[in-house]
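Colleague: Generate a structure from the sequence data that follows.
(one chain, ligands or ions: 3)
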Amino acid sequence: MTMLKDTTTKIQSKHSKSSILPKGWMKKKDDTTSSIQLSQEDMDYIVSNTAISRENIEQQFQVFITNHPDGKISKKSFKTMMKACYPGANVDKLTKHIWRMYDDNNDGYIDFRELMMVLYIMSDGTPEQNLKQIFKIFDLNSDGKINHQEMNKITKDLSKLFNEDKNLAENIFKEMDENNDGEISEEEFIKACLSQKKCSKKFTLKIIDIFLQ
Ligand SMILES: [Ca+2]
Ligand SMILES: [Ca+2]
Ligand SMILES: [Ca+2]
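Modeller: Ligands and ions are numbered 1, 2, ... in the order given. Predicted coordinates:
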């Protein structure tokens, strides 16, 4: 199996040796099209963490690079994409929150690997994987817990989009904070959503909807 994989990699790398060539060399060839190629590291990472084939990843990358020739999505173009999804809605706040799910290494851009991972998890991942991603939306300061302030902020910002009631934050918090320590851990979050608790499930399903449009 490993040997087969290596062979496939070798065949494919024949056409994509950019990673071992100096950047200047690549640009010399053609300035008008993108010189960015998918790195072997990113390819291997996506292959080992998803069920997407190398061929499919390569195809997706070509589409990605056509739309984003510099190989990454800026916050500005992400906002434009969100606006196209939600015409007429105020997507500024939504964009900020959804962004945290994608920009895993927190460098201010969404690269191809980050994009593929989120899209894959949200469409083909297990419910636990989906919820781990969604947990990141709620965990504003990325400390692994959701406190009251964070829950209030997220439900307030997203409610405008979903037309939810005012007590939503409080209701979700009550449902999720099982040990009553005033914070929601990732485990509590996932457990509440999976055990079909009313408000938690309703709200997280709406967030999942954003990705399946
Ligand atoms: Ca990033
Ligand atoms: Ca937090
Ligand atoms: Ca708790």
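Colleague: Return the residues of this structure in contact with ligand 2.
Modeller: Listed as neighbours of ligand 2 in the chain under the rule C-beta under 5 Å from the ion: Asp139, Asn141, Asp143, Lys145. Every C-beta, even on glycine, is put in place using the N, C-alpha and C of the backbone.
Colleague: Would you confirm that Ala51 contacts Gly125?
Modeller: No. Between Ala51 and Gly125 there is no contact under C-beta atoms under 8 Å: 10.1 Å.
Colleague: Neighbour count for the two, which is higher?
Modeller: For Ala51 and Gly125, the more surrounded residue by other C-beta atoms under 10 Å is Gly125, and the numbers stand at 17 against 8.
Colleague: residues in contact with the more buried one?
Modeller: Contacts for Gly125 (C-beta atoms under 8 Å, 6 or more residues apart in numbering) come out as Gln133.
Colleague: Name all residues that make contact with Cys193.
Modeller: Cys193 makes contact with Pro127, Leu131, Ser200, Lys201, Thr204, according to C-beta under 8 Å, 6+ apart.
Colleague: can you do 6 Å?
Modeller: Leu131, Ser200, Lys201, Thr204 (C-beta atoms under 6 Å, 6 or more residues apart in numbering).
Colleague: Quick check: it is in a helix.
Modeller: Yes. Assessed with DSSP: H, G, I helix; E, B strand; the rest coil, Cys193 lies in a helix.
Colleague: ok, back up a step: any idea which of the residues of the chain next to ligand 2 is least confident?
Modeller: Ranked by pLDDT, those bottom out at Asn141, which has 89.
Colleague: Run through the strands of this protein in chain order.
Modeller: With strands called from DSSP state E, the chain shows them at 72-73, 110-111, 145-147, 183-185.
Colleague: Residues contacting the third one, please?
Modeller: Just to be clear, that refers to strand 145-147. By C-beta under 6 Å, 6+ apart, the surrounding residues in contact with strand 145-147 are Phe138, Asp139, Glu183, Ile184, Ser185.
Colleague: any idea which of these is closest to ligand 1?
Modeller: Lowest distance from ligand 1 to the contacts of strand 145-147 (C-beta to the ion) belongs to Asp139, with 17.0 Å.
Colleague: who touches the closest one in this structure?
Modeller: Ile146.
Colleague: if we go to 7 Å?
Modeller: Residues near Asp139 by C-beta atoms under 7 Å, 6 or more residues apart in numbering: Lys145, Ile146, Glu150.
Colleague: List phi and psi for it.
Modeller: phi -80, psi 80 (degrees, to the nearest 10).
Colleague: how much space between it and Lys93?
Modeller: Per C-beta to C-beta, to the nearest Å, Asp139 is found 16 Å from Lys93.
Colleague: so Asn130 makes contact with Tyr120?
Modeller: No. Contact criterion C-beta atoms under 7 Å: Asn130 and Tyr120 do not qualify, at 10.8 Å.
Colleague: These two: who's more crowded?
Modeller: Legend: neighbour count by other C-beta under 10 Å for Asn130 and Tyr120, higher for Asn130 (21 against 16).
Colleague: All set now, cheers.
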